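[1] What would the 3D arrangement of this be:
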Amino acid sequence: MQDERKTKAQLIEELRQLRTEVAGSVNKHPGEEHQINLTHLTGIVDTASDAIISIDGDQNILVFNKGAEQMFGYDHSEVIGKPLDIIIPETLRDAHRKHVGEFGEAREKLIPGSARMELSGQRKNGEIFPAEISISRLRIKDKKIFTAVLRDITERKKAEKLLQESEERFPRILDSAMEAIISADENQHIIFFNNGAETIFGYTQKEVMGQRLEMLLPERFREAHRLHVNKFINDEAGPDRYRKPCRKIFGLRKNGEEFPLEGSISRVPISGKKTVTAVLHDITKRKKAEEALEKSEKQMKSIFDAANDAIFIVDPFNDKIVDANPKAAVLLGYSIEDLKGMPMSALHPEDMDQLTHFANEVLKQGKGFTNELHCKTKSGALLPAEISASSIQLGDRSLMLALVRDITARKRAEQALENSEERLRKTVRYAPIPIMIHAEDGEVVTISETWTKLTGYSHSDIPTIDAWTAKAYGESKDEKREIIAGLYDNQEPGGDGTYTIRTASGSKRIWDFYSTHLGKLKDGRRFIVSMAQDVTDQKLAEHELQMQIEKLKRFNKVAVGREIQMIELKKEINMLLEELGQKSKYTIHEPGGLESE
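    This next block holds a predicted model:
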């Protein structure tokens, strides 16, 4: 750019000198010398890359060089003798004429280069563009001649605009950052303080500009921080542009509150001066969250250690126990350290297929439950257990948290209950139990013979739920059909209710319904099995049966393994037999004297 300005200035000076010589030649020696100088002048004008335009006192164009042709798009033959207005935007023409006229009336000649200014030109295609102009005035035989040297500065203007936008955008970007961005000079005086810093520290920019950086630190840290920053600024070993993370420090808000910070500090020379810039994050919330997490982990560890169930953390992909709680060690007879790293499969050698399927389901569904697996203790005994598990994420590891409950006592109680329920099964074995299987599209897939025997309807009579409800429920068919349709939305088995049905003979019976899902048919339709019990003549039996079930449930809760508990269990059995009209089975003695009849 400096070379271009020099060339332009030299060109203007050379033009001025040549015009002076030409004018002198015209006035004094209008001959061969004049022709030589004019030829020289024309050569200079046409070889210049800038536009050179001369006008007379009436502002008509006299000279229009090749640079002007390229800049404005006109051939010189199109503009010679034409008013200068042809290359001036219409809105500026009056002002431009006035300006040139005032310039022509000025007493002193303009020194070349001192009248450089910017104006707008108009090309032949109508495009308006910015130009830089230097203008000079010359008088020949009492006639005023004005010469302008113009340079198209469109690209420069674009560059200046981009620079301006960048300079405007950069502070806005810094101010929009949520982090505190603070710059200081080599004496550690604050020279930049963004909006994020105002929010974090509570000071306005006006309050801190020019103040020492240490005002933002607790007093006990100031001296060490000042020395640290000074060393960083003047570190000759590092590059001029240098950045490193900050160690965790404490800041001081305007209200006196201390708070934790972390971030980075960089050194960048600006106009030859050393400056440092810190980008700081207020980590108060994170520290509180970390403290809360640590507290929570301690609480979870306490729960983990104090749990009554055995708890295992397992790596299912590598079949390794990662951790176990004290209850797990007691249950299996190992120490916790022995359990860590042990294959989980070593504890379930009898149930590997079930264990593998269970683990896959937990990983797929996120959680799972299995009714019974056998755990092998250190002594070799097999303990029945139920396991519930869920998938967890610890860092980058996908693990399983498994709760294992010893169900030995429950299994003993269930066995006792099963023995009692055998009598119950014998009671209901001869009772009629109608069964219907139906699909979600309303098709009745099949019905039992008992259903037909009790209702008088064959499968061909009720091929659909619509047909069944119409025959069995009459006017309330729509209500019952909606109830049956709702069974497909309830995935849990359960009692549908007690309803009065109408048989083929016209008689009415009271049925108690129970339904459960059985999955899908081959064609993909969901289907349900509905069982019914005719309870019309069996209300008393139902009550007695319910009493037996309740007593058996209480029996299930009786503790097994102690003599006094066994006595209470035998008493309960004797009472149950008496209520059923049977003779007591056991003679009860106080502890130490239990005998069986």
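[2] any chance you could map the strands in the stretch 401-550 of the chain?
    Listed in chain order, the strands of the stretch 401-550 of the chain (DSSP state E, counting those that start in this stretch) span 435-439, 444-447, 494-502, 508-520, 526-534.
[3] Which of those strands has the lowest mean pLDDT?
    Least confident of the strands of the stretch 401-550 of the chain, judged by mean pLDDT, is strand 494-502 with a mean of 80.
[4] Throw the strands of the stretch 401-550 of the chain into CSV and include mean neighbour count, thanks.
    Glycine gets a C-beta too; all of them are placed from N, C-alpha and C. As requested, these are arranged in CSV below (neighbours: other Cβ atoms under 10 Å):
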stretch, mean neighbour count
strand 435-439, 19
strand 444-447, 17
strand 494-502, 14
strand 508-520, 15
strand 526-534, 19
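[5] Could you export the ones you listed as JSON lines, including distance to residue 65?
    Formatted as JSON lines, the strands of the stretch 401-550 of the chain follow (distance: least, Cβ to Cβ, whole Å):
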{"stretch": "strand 435-439", "distance to residue 65": "96"}
{"stretch": "strand 444-447", "distance to residue 65": "101"}
{"stretch": "strand 494-502", "distance to residue 65": "101"}
{"stretch": "strand 508-520", "distance to residue 65": "92"}
{"stretch": "strand 526-534", "distance to residue 65": "92"}
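[6] Which among those strands is found nearest to residue 298?
    Evaluated over these, closeness to residue 298 peaks at strand 494-502, with 42.7 Å, by Cβ to Cβ.
[7] Neighbouring strands of the closest one in the sheet, and parallel or not?
    Using DSSP bridges, strand 494-502 pairs in its sheet with strand 508-520 (antiparallel).
[8] Can you list the neighbours in contact with the strand it pairs with?
    434, 437, 454-455, 487-488, 491, 493-503, 526-536 (Cβ atoms under 8 Å, 6 or more residues apart in numbering).
[9] give me that answer again for 6 Å
    Contact partners of strand 508-520, identified using Cβ atoms under 6 Å, 6 or more residues apart in numbering, comprise 487, 493, 495-496, 498, 500-502, 526-536.
[10] for stretch 467-483, same thing?
    For stretch 467-483, the external contacting residues (Cβ under 6 Å, 6+ apart) are 462, 501-502.
[11] redo that, cut-off 8 Å
    With contact meaning Cβ under 8 Å, 6+ apart, stretch 467-483 is reached by 436, 444, 455, 457, 461-462, 465-466, 484, 496-497, 499, 501-502, 504.
[12] start to end distance for that stretch?
    End-to-end distance of stretch 467-483 (Cα to Cα, to the nearest Å): 15 Å.
[13] farthest-separated two in the contacts of stretch 467-483?
    Greatest spatial distance among the contacts of stretch 467-483 (Cβ to Cβ): 461 and 497, at 23.3 Å.
[14] which ones are touching the closest residue to residue 59 other than its chain neighbours?
    Residue nearest to residue 59 in three dimensions, not counting chain neighbours: residue 84, with 4.6 Å by Cβ to Cβ, 6 or more residues apart in numbering. By Cβ under 8 Å, 6+ apart, the contact set of residue 84 is 53, 55, 59-61, 96, 100.
[15] Can you go through these and name the buried ones?
    For those, a neighbour count by 16 or more other Cβ atoms under 10 Å gives the buried set as 53, 55, 59, 61, 96, 100.
[16] Please narrow these to those residing in helices.
    Among the buried ones among the contacts of residue 84, DSSP state H puts 96, 100 in helices.
[17] Kindly indicate which of the buried ones among the contacts of residue 84 lies nearest residue 212.
    Among these, residue 96 lies closest to residue 212 (Cβ to Cβ), at 55.5 Å.
[18] Let me know whether the closest one touches residue 119 as I believe.
    Yes: because the distance of 7.4 Å satisfies Cβ atoms under 8 Å, residue 96 is recorded as touching residue 119.
[19] Number of residues surrounding residue 257?
    Residues lying near residue 257 (other Cβ atoms under 10 Å) number 11.
[20] How about residue 126?
    With other Cβ under 10 Å as criterion, residue 126 counts 8.
[21] same check, this time on residue 450
    15.
[22] Over to the one 4 residues further on?
    The burial metric for residue 454, expressed as a neighbour count using other Cβ under 10 Å, is 18.
[23] quick one, what contacts it?
    Contact analysis of residue 454 by Cβ under 8 Å, 6+ apart lists 432, 434, 503, 509, 534.
[24] residue contacts, the third one?
    Each residue near residue 503 by Cβ under 8 Å, 6+ apart is listed here: 454-457, 509.
[25] From those, which land in helices?
    Judged by DSSP H, the subset of the contacts of residue 503 located in helices is 454-455.
[26] could you redo the contacts of residue 503 as a markdown table and give each row distance to residue 474?
    Formatted as a markdown table, the contacts of residue 503 follow (distance: Cβ to Cβ, whole Å):
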| residue | distance to residue 474 |
| --- | --- |
| 454 | 18 |
| 455 | 14 |
| 456 | 15 |
| 457 | 14 |
| 509 | 14 |
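[27] ok, back up a step: pick the one among the buried ones among the contacts of residue 84 closest to residue 196.
    Checking these one by one against residue 196 (Cβ to Cβ), the nearest turns out to be residue 96, at 49.8 Å.
[28] Once you drop chain neighbours, what's closest to that closest one?
    residue 88 (5.1 Å).
[29] That neighbour reaches residue 122, doesn't it?
    Yes: look at residue 88 against residue 122 with Cβ under 8 Å: they come within range, at 6.2 Å.
[30] got any ranges where the stretch 351-500 of the chain has weak pLDDT?
    For the stretch 351-500 of the chain, applying pLDDT under 70 flags the ranges 371, 414, 416-432, 493-495.
[31] the helices in it, which residues?
    For the stretch 351-500 of the chain, applying DSSP state H, counting those that start in this stretch gives helices covering 352-365, 408-429, 449-455, 465-473, 477-486.
[32] Please identify the deepest-packed of those helices.
    Across those, the average number of neighbours (mean count of other Cβ atoms under 10 Å) peaks for helix 465-473, which reaches a mean of 19.
[33] That helix: how far from the chain's middle?
    53 Å (Cα atoms, centre = their mean, to the nearest Å).
[34] okay, the angle between that helix and strand 508-520?
    160 degrees (axes from the mean of the first three to the mean of the last three Cα atoms, to 10 degrees).
[35] what's the closest of the contacts of residue 454 to residue 337?
    Nearest member of the contacts of residue 454 to residue 337, counting by Cβ to Cβ, is residue 434, at 60.1 Å.
[36] Can you report how many residues lie near the closest one?
    22.
[37] contacting residues around it?
    With the criterion set at Cβ under 8 Å, 6+ apart, residue 434 makes contact with 447-448, 450-451, 454-455, 511, 531-534.
[38] Find the residue closest to it in space, skipping its chain neighbours.
    residue 451 (3.6 Å).
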